[in-house]
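Colleague: Have a look at this fold, sequence not included:
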């Protein structure tokens with residue numbers, strides 16, 4: 001009899017092995033899901049940074065305030081489509097009495113992946129003396 005009880009507790013049953021394998025598979029699936037989410041987040045962040053850097057480069061390349069004329073300009077920079085809209089800035093009380101004329105400048109950049117950034121800013125142009 002002592003030999004029989006030793007034999008029944010000597011190893012794992014097939015059910016115990018299958019349960020252990022199921023636990024390992026579940027843990028590996030969870031780790032894979034976390035890694036995939038991290039990769040997607042990193043890719044989205046890289047695309048956003050590239051979009052912001054392109055927008056900053058375009059803003060830096062804008063002409064001087066004395067050369068900036070109202071209208072629309074567009075082009076392509078490093079695969080990103082961009083557009084700059086310059087128009088008079090209206091709605092400021094007392095703007096006619098100021099030595100400066102505000103201009104609204106809107107820079108829109110679209111990445112090859114479809115991301116979009118729009119930067120609205122105002123540039124001041126010295127009012128002509130005449």
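Modeller: Right, received. Where do you want to start? Keep in mind that this is a model prediction, so the values were computed, not measured.
Colleague: what number of residues lie near residue 103?
Modeller: Close neighbours of residue 103, defined as other Cβ atoms under 10 Å, add up to 18. (C-beta placed from N, C-alpha, C; glycine too.)
Colleague: ugh, wrong one, residue 32
Modeller: 10.
Colleague: Contact partners for it?
Modeller: Applying Cβ atoms under 8 Å, 6 or more residues apart in numbering to residue 32 gives no contacts.
Colleague: what about the helix or strand it falls within, average pLDDT?
Modeller: Assigned by DSSP states H and E, residue 32 belongs to helix 14-60. Across helix 14-60, pLDDT averages out at 93.
Colleague: where's the next helix or strand after that helix relative to the chain centroid, distance-wise?
Modeller: Following helix 14-60 in sequence order, the next helix or strand is strand 71-77 (DSSP H and E). Centroid separation for strand 71-77 versus its chain: 21 Å, with Cα atoms, centre = their mean, to the nearest Å.
Colleague: and residue 85, how many neighbours does it have?
Modeller: 15.
Colleague: I figured it hits residue 106, correct?
Modeller: Yes: using Cβ atoms under 8 Å, residue 85 is in contact with residue 106, at 4.4 Å.
Colleague: Which residue lies nearest the spatial centre of the chain?
Modeller: Per Cα atoms, centre = their mean, the C-alpha nearest to the average position across the chain is that of residue 48, at 2.4 Å.
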